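J.: any chance you can model this:
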Amino acid sequence: MNIAFVLNSFPVTTETFIINQIIDVINKGHQVTIFAYSKGENQVVHPAIKENGLLEKVVYLKAFPKSKSKRVRFLNELIASPKHNNRKILLAFNILKFGKQAVNLRMLYKAQWFLTDETFDVIHCHFAHSALPIIALKELGFLNNEKIVVTFHGYDIDPSKIDLYKTKYKALYKGCDLITYNSIYTEQLLIKAEAPKEKLVLLPVGLDVSRFKRSTVYKPTTPARLLFCGRLIPFKGPDNAIKIIALLKERNIACQLTIIGEGDMKPTLEKMVFDAGLEQEVAIVGAKPQNEIKAYLENSTLFILPGIHDPETNRAENQGLVIQEAQAMGVPVIVSTAGGIKYGLEDGVSGCVVEENDLNAFADKITSLIENPIALTAMSEAGIKYVRNHFDIRILGDKLIVYYKSILKADE
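T.: Have a look, this model is predicted:
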């Protein structure tokens, strides 16, 4: 198959799950072109991108022309293109002549990649907003029967904007052929936003398990080494992680916490640590490349993600791939019930799920586990097997190819 991946930006270090998926599709023998609306800025290039020559497969969108004459020239080229429906493009021209209609012209400009003679079997858009210009192009009759797959990840289905999405995504729902989502939680939000159930399929984001292997045998340590990794934003719960350490210190439980990540909450978190006198127990080390994160994981006793529903937006973690990365490295995980993270582990087997915002319950669970090294070791082994069987990108990639073929066969 000839597959087009449409991305907001490339490369982006926090979106390794997309890189994993693209590489797996290539490894399965399919032709891939990556279309990105912008270049990733100030990003460390993931080694797998260079190893697989992905930068040579990327086509970037040129900036929308500022001059009116260049916009008119583009519109003329659009009308002259053999890939259009005359009636629809004339209607589009009438809509685009003045004022706000220029936004629609900008949308068409964003989708100009598909005005050429090249035909793709599938156009796979990651994040809903990257798909909207492509859907607009399809409505105007510019596509050659390409099937459109849209993957929702999280911030494109914000719980506080559900009513807005019912209108905003209406054309997307109608124009796409398949919608993939990463957890039951995301599915629930999509259904609330009136996404068509018959087009929804579960496909979590995955990881290359061959890149997440321990070089040493897992062994609980004293003091216990806890790890938090993620953007330092409210719904990830980094402040809860610090509060949990404070509770453990009050109980005379020897623990150390390392927080990996950057974000708006960093100054607040640093002040929390200072005010609570936890400088010896908590280290906030900033963002780290994946090889260093793996090293931190290998030296950790437990991984914690005490996420919440954001008080302002009600957002929560949709999947949390870092939970699977931790388990793949043999690190037991403890997460909250918020959002979709609870679906990414075997509760009581590879880790534990604790009620959202119940910090005493988190402290109790951590205490019981670090006092039972046999249970921790069993969880370590179970986590490795669980991720290998359910989140390996090769297994998930097989499912994706089946989905591609199913929508292509729908026309046969």
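J.: wait, residue 123 sits on residue 144?
T.: No. Counting by Cβ atoms under 8 Å, residue 123 stays clear of residue 144, with 10.7 Å between them. C-beta coordinates here come from the backbone N, C-alpha and C atoms, glycine included.
J.: who has more neighbours, these two?
T.: Using other Cβ atoms under 10 Å as the criterion, residue 123 and residue 144 rank with residue 123 on top: 27 against 11.
J.: for stretch 138-147, the distance to its chain's centre please.
T.: 27 Å (Cα atoms, centre = their mean, to the nearest Å).
J.: in it, what counts as buried?
T.: 138, 140, 142, 143, 146, 147 (16 or more other Cβ atoms under 10 Å).
J.: distance to residue 22 added to those, as a markdown table?
T.: As requested, those are exported to a markdown table (distance: Cβ to Cβ, whole Å):
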| residue | distance to residue 22 |
| --- | --- |
| 138 | 22 |
| 140 | 28 |
| 142 | 24 |
| 143 | 21 |
| 146 | 17 |
| 147 | 17 |
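J.: show me where pLDDT drops low in the stretch 301-412 of the chain?
T.: Counting by pLDDT under 70, the stretch 301-412 of the chain shows low-confidence ranges at 411-412.
J.: wasn't residue 34 part of a strand?
T.: Yes. Under DSSP: H, G, I helix; E, B strand; the rest coil, residue 34 falls within a strand.
J.: wait, doesn't it sit right on residue 5?
T.: Yes. In this structure residue 34 lies within contact range of residue 5 using Cβ under 8 Å: 5.0 Å.
J.: ok, back up a step: just flag the most distant two among the buried residues of stretch 138-147.
T.: Within the buried residues of stretch 138-147, two members stand farthest from each other by Cβ to Cβ: 140 and 147, at 17.2 Å.
J.: any shared contact partners between residue 34 and residue 5?
T.: Residues touching both residue 34 and residue 5 by Cβ atoms under 8 Å, 6 or more residues apart in numbering: residue 22.
J.: who has more neighbours out of the two?
T.: Set side by side, residue 34 and residue 5 show more neighbours around residue 5, with 26 against 21, by other Cβ under 10 Å.
J.: before we move on, what SS does that one have?
T.: strand.
J.: so what's it up against?
T.: So residue 5 contacts 18, 22, 32, 33, 34, 35, 124, 125, 126 (Cβ under 8 Å, 6+ apart).
J.: this protein: strands as residue ranges?
T.: 2-10, 31-39, 58-60, 122-126, 147-151, 178-181, 200-202, 224-229, 255-260, 282-286, 302-305, 333-336, 351-354 (DSSP state E).
J.: can you put those strands in JSON lines and add distance to residue 72?
T.: Shown next, in JSON lines, are those (distance: least, Cβ to Cβ, whole Å):
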{"stretch": "strand 2-10", "distance to residue 72": "26"}
{"stretch": "strand 31-39", "distance to residue 72": "23"}
{"stretch": "strand 58-60", "distance to residue 72": "23"}
{"stretch": "strand 122-126", "distance to residue 72": "28"}
{"stretch": "strand 147-151", "distance to residue 72": "29"}
{"stretch": "strand 178-181", "distance to residue 72": "36"}
{"stretch": "strand 200-202", "distance to residue 72": "41"}
{"stretch": "strand 224-229", "distance to residue 72": "50"}
{"stretch": "strand 255-260", "distance to residue 72": "50"}
{"stretch": "strand 282-286", "distance to residue 72": "48"}
{"stretch": "strand 302-305", "distance to residue 72": "52"}
{"stretch": "strand 333-336", "distance to residue 72": "54"}
{"stretch": "strand 351-354", "distance to residue 72": "58"}
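J.: of all those, which one is nearest residue 315?
T.: strand 333-336 (13.7 Å).
J.: partners of that closest one in the sheet?
T.: Neighbouring strands of strand 333-336 in its sheet, by DSSP bridges, are strand 302-305 (parallel), strand 351-354 (parallel).
J.: which one of those strands is the most hemmed in?
T.: strand 302-305 (a mean of 26; mean count of other Cβ atoms under 10 Å).
J.: how far is that strand from where the chain is centred?
T.: Relative to the chain's own centre, strand 302-305 is displaced by 19 Å; criterion: Cα atoms, centre = their mean.
J.: contact partners of that strand?
T.: Outside strand 302-305, the residues touching it (Cβ under 8 Å, 6+ apart) are 224-230, 236-237, 241, 244, 257, 297, 317, 320, 322-323, 326, 331-336, 341, 351, 362, 366, 369-370, 376.
J.: with stretch 18-38 instead?
T.: Stretch 18-38 is contacted from outside by 1-12, 46, 48-49, 52, 54, 57-61, 110, 113, 120, 126, 130, 205-208, 393-394, 396-397, 400-401, using Cβ under 8 Å, 6+ apart.
J.: same thing with stretch 385-397?
T.: Taking Cβ under 8 Å, 6+ apart as the rule, stretch 385-397 contacts 20-21, 23-25, 28, 203-209, 212, 324, 327-328, 344-346, 349-350.
J.: among those residues, which ones are buried?
T.: Using 16+ other Cβ under 10 Å, the buried members of these are 20-21, 23-25, 203-209, 212, 324, 327-328, 344-346, 350.
J.: looking at the chain, which helix or strand is least sure?
T.: helix 86-96 (a mean of 53; mean pLDDT, DSSP states H and E).
J.: spit out the contact partners of residue 159.
T.: 189, 309, 313, 314, 315, 316.
J.: make a ChimeraX selection of the buried ones in these.
T.: Applying 16+ other Cβ under 10 Å to the contacts of residue 159 leaves a buried subset, and the ChimeraX line that selects it is:
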select :189,309,314,315,316
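J.: mind listing which of the contacts of residue 159 are in helices?
T.: residue 189 (DSSP state H).
J.: low-confidence regions, this protein specifically.
T.: 41-45, 81-104, 411-412.
J.: quick check on the most centrally placed residue in it: phi, psi?
T.: Centroid check for the chain by Cα atoms, centre = their mean gives residue 153 as the closest residue, at 4.9 Å. Per-residue torsions, residue 153: phi -110, psi -40 (degrees, to the nearest 10).
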